[in-house]
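Trainee: Structural data only, the sequence is not supplied:
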């Protein structure tokens, strides 16, 4: 979570600048241990209690050690943390991390866990310290929370509803970062393109940052299709610093599922956004997220195999709006030569129909004496009108082939039996 990275850096600044702590990588040497948590996935949430169990042993050996839990799990599970892990000294929500020094001092004299998971509006950013050290590329939070209330999402309940920072405060923070050498800024928000403050929108903020000579590149993440407004799309026409990357989660290719998710957009509306972007820049890189699948790199689309019509599975016609696939239940070979968005031609790297009827995809048959990677390169070099390729497993050979394809502007779809394999 980029937002957690930003918050963690700010907590480090608070501890070092105001409280004179020094950072250590050796937990046994620490006087205070803080875990900044994410609750977007249940597994991550469970790991928090596992980690706290390990830290309890450290506290038994060093009673003066202060343990803190911050972030979204702290906000969501504050009562549960106090009950399951009473040795935790501080539980601090993502909107109250600026109170860390005060809460720390209180914890030293308290026998109970100090809990602060309030949702003050903009107070957090008014009280965070300025950075004294900066990296080449830095995150800057411009808004927090979300007011969309998607049926599967916990963000409105852990980060609160949408709150945008004043434009002048954001520019002041960026100015401070550039004084310390930062050249690239990534604007952050749970729903970053919903940013609006005193009539200024995200497009206005980007134009303001564009005027800063020290900043060479600007990015933003994560967006919602409903807030991908015309003024934001138009800015790609003339911005010299806004990077050619659009991270726009779609979550599902099914309109039925999107409605159940309370996403408030259809797959047709989603694709219309990218049609507009393509007209502005045909080389625009797109990054799309699916629930139960993850985009691991720009241009690689990780899709659960059943979504594309796996073995013995008949996919509904609207199951995947990003590809028009066969539904005969023959496996991923069905999408060979299929129409992606009704326009593009697809080949498969493997899992090919054994009949050999799809000549375009019979890579190993055409070049039997070469390695798979060489075969694939020859195929792409020979067939000039390929728009997308699919691969069936995330091994190193296929990864190299995927990079070769992406370098030529070809989309890569990785078909997996389970979503867990996306991590590989």
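Mentor: Received it, and whenever you're ready, just let me know what you need. Bear in mind that the values here come from a model prediction, so they are computed numbers and not experimental data. Residues are numbered from 1 along each chain as shown.
Trainee: so how far is the first residue of stretch 184-202 from its last?
Mentor: Stretch 184-202 has an end-to-end distance of 17 Å (criterion: Cα to Cα, to the nearest Å).
Trainee: Rounded mean pLDDT for the helix or strand encompassing residue 275, please.
Mentor: Following DSSP states H and E, the helix or strand that holds residue 275 is helix 267-280. Averaging pLDDT along helix 267-280 gives 84.
Trainee: Let the chain start at 242 from now.
Mentor: That works, and once the first residue is 242, the last one we named lands at helix 508-521.
Trainee: Name the residues of it that are buried.
Mentor: Neighbour-count burial for helix 508-521, counted by 16 or more other Cβ atoms under 10 Å, picks out 508, 511-512, 514-515, 518. Just so you know, the C-beta spots here come from the backbone N, C-alpha and C atoms, and that holds for glycine as well.
Trainee: of all these, which comes closest to residue 490?
Mentor: residue 511 (9.5 Å; Cβ to Cβ).
Trainee: Now do stretch 465-472: everything it contacts.
Mentor: Stretch 465-472 has contacts (Cβ atoms under 8 Å, 6 or more residues apart in numbering) with 389, 432, 434-435, 442, 444, 489-491, 504-506, 510-511, 514.
Trainee: And it, what's buried?
Mentor: Buried positions in stretch 465-472, judged by neighbour count with 16+ other Cβ under 10 Å: 465-466, 468-469.
Trainee: returning to that earlier point: PyMOL command to pick out the buried ones of the contacts of stretch 465-472?
Mentor: Buried residues within those, by 16+ other Cβ under 10 Å, are selected in PyMOL with:
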select buried, resi 389+432+434+435+442+444+489+490+491+504+506+511+514
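Trainee: possible to save the buried residues of stretch 465-472 as CSV with secondary structure, pLDDT and distance to residue 262?
Mentor: Listed next are the buried residues of stretch 465-472 as CSV, based on DSSP: H, G, I helix; E, B strand; the rest coil; pLDDT from 0 to 100; distance: Cβ to Cβ, whole Å:
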residue, secondary structure, pLDDT, distance to residue 262
465, coil, 93, 38
466, helix, 92, 43
468, helix, 95, 39
469, coil, 93, 42
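Trainee: which one of those residues sits closest to residue 332?
Mentor: When the buried residues of stretch 465-472 are compared against residue 332 (criterion: Cβ to Cβ), the nearest one is residue 465, at 29.6 Å.
Trainee: Dihedrals phi and psi, the closest one?
Mentor: phi -120, psi 140 (degrees, to the nearest 10).
Trainee: How about the helix or strand where residue 415 lies, which residues are buried there?
Mentor: Counting by DSSP H and E, the element that carries residue 415 is helix 408-420. Buried residues in helix 408-420, defined by neighbour count with 16+ other Cβ under 10 Å: 408, 411-412, 414-415, 418-419.
Trainee: Any regions of the stretch 392-541 of the chain where pLDDT drops low?
Mentor: 522-541 (pLDDT under 70).
Trainee: how about the helices in it?
Mentor: Taking DSSP state H, counting those that start in this stretch, the helices of the stretch 392-541 of the chain run over residues 396-399, 408-420, 443-451, 471-479, 496-501, 508-521.
Trainee: Count the residues that sit near residue 428.
Mentor: 23 (other Cβ atoms under 10 Å).
Trainee: How about the contacts made by it?
Mentor: 381, 383, 436, 443, 446-447, 459-462.
Trainee: Relative to residue 476, which of the residues you listed is nearest.
Mentor: Nearest to residue 476 among these, with distances taken as Cβ to Cβ, is residue 447, at 5.9 Å.
Trainee: Could you verify my assumption that the closest one touches residue 484?
Mentor: No - between residue 447 and residue 484 there is no contact under Cβ atoms under 8 Å: 10.7 Å.
Trainee: now the strands: where do they sit in the stretch 342-491 of the chain?
Mentor: For the stretch 342-491 of the chain, the strands defined by DSSP state E, counting those that start in this stretch occupy 355-357, 378-382, 384-385, 404-405, 425-429, 437-438, 441-442, 458-462, 486-488.
Trainee: As TSV, the ones you listed with distance to residue 649 would be great.
Mentor: Output for these, formatted as TSV (distance: least, Cβ to Cβ, whole Å):
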stretch	distance to residue 649
strand 355-357	52
strand 378-382	27
strand 384-385	37
strand 404-405	40
strand 425-429	26
strand 437-438	39
strand 441-442	36
strand 458-462	24
strand 486-488	18
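Trainee: Just name the most buried of these.
Mentor: Greatest average neighbour count among the strands of the stretch 342-491 of the chain goes to strand 384-385 (a mean of 24), per mean count of other Cβ atoms under 10 Å.
Trainee: before we move on, what SS does the nearest residue to residue 354 once chain neighbours are set aside have?
Mentor: With Cβ to Cβ, 6 or more residues apart in numbering as the criterion, residue 354 has its nearest non-adjacent residue at 4.6 Å, and that residue is residue 323. At residue 323 the chain is in helix, as set by DSSP: H, G, I helix; E, B strand; the rest coil.
Trainee: who's in contact with residue 323?
Mentor: By Cβ under 8 Å, 6+ apart, the residues touching residue 323 are 329, 332, 353-354, 356.
Trainee: Also residue 260?
Mentor: Contacts of residue 260 (Cβ under 8 Å, 6+ apart): 342, 345.
Trainee: any idea how far it is from residue 331?
Mentor: 13 Å (Cβ to Cβ, to the nearest Å).
Trainee: which neighbours do the two share?
Mentor: Counting by Cβ under 8 Å, 6+ apart, the contacts common to residue 260 and residue 331 are residue 345.
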